[in-house]
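Asker: Here is a sequence together with a model predicted from it:
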Amino acid sequence: MKNTDIKIVDTTLRDGEQTAGVVFSKAEKLQIARMLDEIGVHQIEAGIPVMGGDEEEAIKAIVKAGLKASIMGWNRAVISDIEASLRCGVDAVAISISTSDIHIKYKLKKTREWVLENMVKATEFAKKHGVYVSVNAEDASRTDMEFLLQFAKAAKEAGADRLRYCDTVGIMEPFTMYEVIKTIIEKVGIPVEMHTHNDFGMATANALAGVRAGATYVGVTVNGLGERAGNAALEEVVMALKYIYNIDLGIKTYKLRELSEYVAKASQRELPVNKAIVGKNIFAHESGIHADGVIKYPKTYEVFSPEEVGGERQIVIGKHSGTHALIRKFQEYGINLPEEDAQELLKKVRALAVELKRPLFDKELMYLYQDYLKEKAKKEGE
Ligand SMILES: CC(=O)SCCNC(=O)CCNC(=O)[C@H](O)C(C)(C)COP(=O)(O)OP(=O)(O)OC[C@H]1O[C@@H](n2cnc3c(N)ncnc32)[C@H](O)[C@@H]1OP(=O)(O)O
Ligand SMILES: O=C(O)CCC(=O)C(=O)O
């Protein structure tokens, strides 16, 4: 696949901040927007203007920052919501309304006709004011397909620039997603944005399936923040597009780790060490066979280099280490460790790692080495 027209829509500041318990300050919102802009994200969903107060001020500040990215405000299909977005000066609005019967009946307590009517009214109103419009089908993945197509067609006719397909409760899997998105694009001919949630751990896979089917926008959040299990992660989508689909969006990926760490701090959601792409352990190798392979040729166990995402390679010495890693570690200390010494020392390394239930620090390794040398000298003197 080679479609480089794909655009990243980052919603860290809207869906990301909807993570239960997460609040960004105005200064943090502005800083995150700047960092997203700097790495080359195409559109930033900056928040929900109708909330007013700090939220409105933060969005206004982001608009005033003069970023290259398009700035989008999120709205219900309600005119006063859109008026609040327009007051913030955004160039794009998301107009969201539920399309599934379960939402229409139990949440909105309305009818399909009411949904269509209000979406069309809101879209026409926004277009009259000259902004870019994404019409968002909330709970699209649990929506009757015929109604979803009718909704998408009505959105297109009302002037919508794209349709956001929301897998609101993360219920989709990639094979079905591919078929559904392909059908929407073929039958309606409207650009589609993927907005996928991670309830079954498939947000990134589902986003990619949508891209394969022809979706040209992908909604993401930094670190996969977002409602419940979160959204497709920016860093995962960008790197998966590059290395699995061969689509390079020109994002400055070497800044991803810095961005992830900033958002982790601002959201008070620590980055798991094994977080795909940006976790601390993504380039850490302990197992003897892996460390040996990476020392000889990094691509044996790394798809891309740590520098590409702002990470660092680590050779960890612990229970599963082999002699090659140990010899390499001692070379870093300026010590030439002969093979037979490495084999003997490794036994001690294993024993200590088992006792401590963790890998060894450099200092501990040096103490072990000094003990080993003393024992060896004693044996040789006997
Ligand atoms: C799946 C998602 O992520 S959707 C985005 C969710 N994000 C948020 O809710 C965060 C920000 N939300 C808020 O600040 C508030 O909920 C507001 C300002 C939007 C609305 O606040 P309130 O007027 O106090 O209403 P409240 O949130 O309690 O209830 C939502 C109302 O909006 C209606 N509603 C919900 N979605 C939509 C929609 N897409 N279009 C039109 N109306 C909607 C509900 O039916 C309910 O209306 P009702 O009062 O007639 O029952
Ligand atoms: O993006 C939208 O408009 C819908 C809200 C949402 O985040 C979702 O449905 O998952």
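Answerer: Received it, and whenever you're ready, just let me know what you need. Numbering: from 1, shown residues only. Ligands and ions are numbered 1, 2, ... in the order given.
Asker: just the strands in the chain please.
Answerer: Using DSSP state E, the strands assigned to the chain run over residues 7-10, 43-47, 70-76, 92-98, 132-138, 162-167, 192-196, 217-220, 284-285, 314-315.
Asker: Which neighbours in the sheet does the second one have, and how are they oriented?
Answerer: Pairing partners of strand 43-47, with direction, according to DSSP bridges: strand 7-10 (parallel), strand 70-76 (parallel).
Asker: hmm, back to that, export the strands of the chain as TSV, with columns for mean neighbour count, mean pLDDT and distance to residue 123.
Answerer: Backbone N, C-alpha and C define where each C-beta goes, glycine included. Below are the strands of the chain laid out as TSV (neighbours: other Cβ atoms under 10 Å; pLDDT from 0 to 100; distance: least, Cβ to Cβ, whole Å):
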stretch	mean neighbour count	mean pLDDT	distance to residue 123
strand 7-10	23	98	18
strand 43-47	28	98	17
strand 70-76	25	98	11
strand 92-98	26	98	6
strand 132-138	25	98	6
strand 162-167	26	98	11
strand 192-196	29	98	15
strand 217-220	28	98	17
strand 284-285	22	97	49
strand 314-315	18	96	51
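Asker: Apart from its neighbours in sequence, what residue is nearest residue 122?
Answerer: Closest residue to residue 122 apart from its sequence neighbours, by Cβ to Cβ, 6 or more residues apart in numbering: residue 77 at 4.2 Å.
Asker: Pull up the gap between the one you found and residue 41, please.
Answerer: Residue 77 sits 26 Å away from residue 41, going by Cβ to Cβ, to the nearest Å.
Asker: Let me have the strands of the chain in TSV, extended by distance to residue 228.
Answerer: Output for the strands of the chain, formatted as TSV (distance: least, Cβ to Cβ, whole Å):
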stretch	distance to residue 228
strand 7-10	19
strand 43-47	18
strand 70-76	18
strand 92-98	17
strand 132-138	15
strand 162-167	12
strand 192-196	12
strand 217-220	15
strand 284-285	29
strand 314-315	32
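Asker: Show me the beta-bridge partners of the closest residue to ligand 1 within the chain.
Answerer: With Cβ to the nearest ligand atom as the measure, residue 76 is the residue of the chain nearest to ligand 1, at 3.3 Å. Beta-bridge pairing of residue 76 under DSSP bridges involves residue 96.
Asker: Go ahead and confirm it touches residue 93.
Answerer: No: the pair residue 76 / residue 93 is not scored as a contact, 10.9 Å apart, by Cβ atoms under 8 Å.
Asker: quick one: low-confidence ranges for the stretch 51-200 of the chain?
Answerer: Scanning the stretch 51-200 of the chain for pLDDT under 70 picks out no residues.
Asker: how about the residues of it near ligand 1?
Answerer: By the rule Cβ under 6 Å from any ligand atom, the part of the stretch 51-200 of the chain lying against ligand 1 is 51, 76, 77, 78, 96, 97, 98, 107, 108, 138, 168.
Asker: do that again at 5 Å, thanks
Answerer: 51, 76, 77, 96, 97, 108 (Cβ under 5 Å from any ligand atom).
Asker: could you check the distance from the first one over to residue 267?
Answerer: Pointing back at residue 51 there. Distance from residue 51 to residue 267, by Cβ to Cβ: 18 Å.
Asker: who has more neighbours, those two?
Answerer: Neighbour count, other Cβ atoms under 10 Å: between residue 51 and residue 267, residue 267 has more, with 22 against 14.
Asker: Measure how buried the residue nearest to residue 57 when sequence neighbours are not counted is and give me the count.
Answerer: For residue 57, ignoring the flanking residues on the chain, the nearest one in space by Cβ to Cβ, 6+ apart is residue 26 at 5.9 Å. Residue 26 has 15 neighbours, counted by other Cβ under 10 Å.
Asker: let's number from 47 now, not from 1
Answerer: Okay, residue one is now 47; in that scheme the one you just asked about reads as residue 72.
Asker: Thought residue 107 was touching residue 72, still the case?
Answerer: Yes: contact criterion Cβ under 8 Å: residue 72 and residue 107 qualify, at 6.4 Å.
Asker: Centroid-nearest residue for this protein?
Answerer: residue 279 (1.4 Å; Cα atoms, centre = their mean).
Asker: Show the model's pLDDT score for the residue lying closest to that residue once chain neighbours are set aside.
Answerer: Using Cβ to Cβ, 6+ apart and skipping the chain neighbours, the partner closest in space to residue 279 is residue 270 (3.6 Å). Note on residue 270: pLDDT of 98.
Asker: ok, residue 270 - contacts?
Answerer: With contact taken as Cβ atoms under 8 Å, 6 or more residues apart in numbering, residue 270 is in contact with 244, 249, 276, 277, 278, 279, 282.
Asker: ok, the second one touching residue 215?
Answerer: The reference is to residue 249. No: using Cβ under 8 Å, residue 249 is not in contact with residue 215, being 11.5 Å away.
Asker: which residues do the two both contact?
Answerer: Common neighbours of residue 249 and residue 215 (Cβ under 8 Å, 6+ apart) are residue 243.
Asker: Please say which of those two ends up with more neighbours.
Answerer: Neighbour totals were compared for residue 249 and residue 215, and residue 249 leads with 29 against 17 (other Cβ under 10 Å).
Asker: For the more buried one, give its distance to residue 263.
Answerer: Taking Cβ to Cβ, one finds residue 249 at 15 Å from residue 263.
Asker: cool, and residue 198?
Answerer: 14 Å.
Asker: do the same with residue 247
Answerer: 22 Å.
Asker: hey, where'd the helices end up in the stretch 147-296 of the chain?
Answerer: Remark: helices assigned in the stretch 147-296 of the chain by DSSP state H, counting those that start in this stretch are 147-149, 158-174, 191-203, 220-234, 249-258, 280-289.
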